[in-house]
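Novice: got a predicted structure here, sequence first:
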Amino acid sequence: MYSLAQKYGFREEALQAAQTILKHPMSIADLEDKLGMIPGTALYELWNYYVEVRAILASDLKEFMTPATGISGALGSLRCSASGSSQIPPWLCNYITSIGNTPHLFNLVEFNMAVARHMRDEGNNYRCACVSVSTQIPLNIWEALASVIHGSLKKVSVIEV
């Protein structure tokens, strides 16, 4: 899709196709059966886009996890006992960090699995207040995180033809 959009000068469609690649792991092994169909220049552009998005995303997510910025408002009244002295629960910190490394992990299923794993692990000990947290707090966290990620994608919006 990307190479066709680039070939015919459809910039918006090329950008959408490039953003789609972020939903999948990108390695030569993953693309092995498609290498004959994708021109080398398009593959090179996609790879550069992927690398640039990951760098910006990692930086923006690191800033987001600073308590003085966006995450504090999203956490609301969440007081996770696993957090220790930090305001950010380790399960959330791990999830956010993983997105910076592998953007395809940013999806609602992966996020809910991270929440569920934490609830299971901490809930068995009956120590963590997360077990009884309102469903609104994870939704607030998700929305704040989505806002940061979409903002990061907008920073890498120009693809050279």
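Specialist: On my side now, so go ahead. Numbering: from 1, shown residues only.

Novice: what is the mean pLDDT for stretch 71-89?
Specialist: Throughout stretch 71-89, pLDDT has a mean value of 69.

Novice: distance between the ends of it?
Specialist: In stretch 71-89, first residue to last residue: 11 Å (C-alpha to C-alpha, to the nearest Å).

Novice: by contact count, what packs against the helix or strand harbouring Leu46?
Specialist: Assessed by DSSP states H and E, Leu46 sits inside helix 40-64. Secondary-structure packing of helix 40-64 (3 or more C-beta pairs under 8 Å, 6 or more residues apart in numbering; DSSP states H and E): helix 2-7, helix 11-21, helix 90-101, helix 136-155. (Each C-beta comes from the backbone N, C-alpha and C, glycine too.)

Novice: looking at those helices, which is nearest to Val53?
Specialist: Comparing those against Val53 with C-beta to C-beta, the closest turns out to be helix 136-155 (6.6 Å).

Novice: pull the number of nearby residues for Trp47.
Specialist: 15 (other C-beta atoms under 10 Å).

Novice: the helix holding Leu46: what's the following helix or strand?
Specialist: Next element after helix 40-64 (DSSP H and E): helix 71-75.

Novice: could you check the angle helix 11-21 makes with the helix holding Leu46?
Specialist: 70 degrees (axes from the mean of the first three to the mean of the last three C-alpha atoms, to 10 degrees).
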